[in-house]
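K.L.:
Let's see this in three dimensions:
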Amino acid sequence: MRRAEGFTIIELAVVIMTLMILVLTAIPFYNTYMQRVHGSEAQV
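P.N.:
Residues are numbered from 1 along each chain as shown. Predicted structure coming up:
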């Protein structure tokens, strides 16, 4: 029996979960960066 082309649901779920974890860990760093940028603009 030949395997079907494409991704399985499990593979897609793993990729989506990995991306979600990366995004959720990046958001606090982005927020801190944006606060620094806006704070330095106010001082100029």
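
K.L.:
mind checking pLDDT for Ala26?
P.N.:
For Ala26, the model assigns a pLDDT of 96.

K.L.:
That one: how many residues sit nearby?
P.N.:
By other C-beta atoms under 10 Å, the residues close to Ala26 number 10. In this view, the C-beta of every residue, glycine as well, is placed from N, C-alpha and C.

K.L.:
do the one 4 residues further on as well
P.N.:
Applying other C-beta under 10 Å, we find 10 residues neighbouring Tyr30.

K.L.:
what's the distance between it and Thr18?
P.N.:
Using C-beta to C-beta, to the nearest Å, one obtains 18 Å as the distance from Tyr30 to Thr18.

K.L.:
Over to Pro28?
P.N.:
Separation of Pro28 from Thr18 (C-beta to C-beta): 18 Å.

K.L.:
if I look at the one residue sitting closest to the centre of the chain, how far off is Gly39?
P.N.:
For the chain, Val23 is the residue whose C-alpha lies nearest the centre (C-alpha atoms, centre = their mean; 2.3 Å). Distance of Val23 to Gly39, given as C-beta to C-beta: 24 Å.
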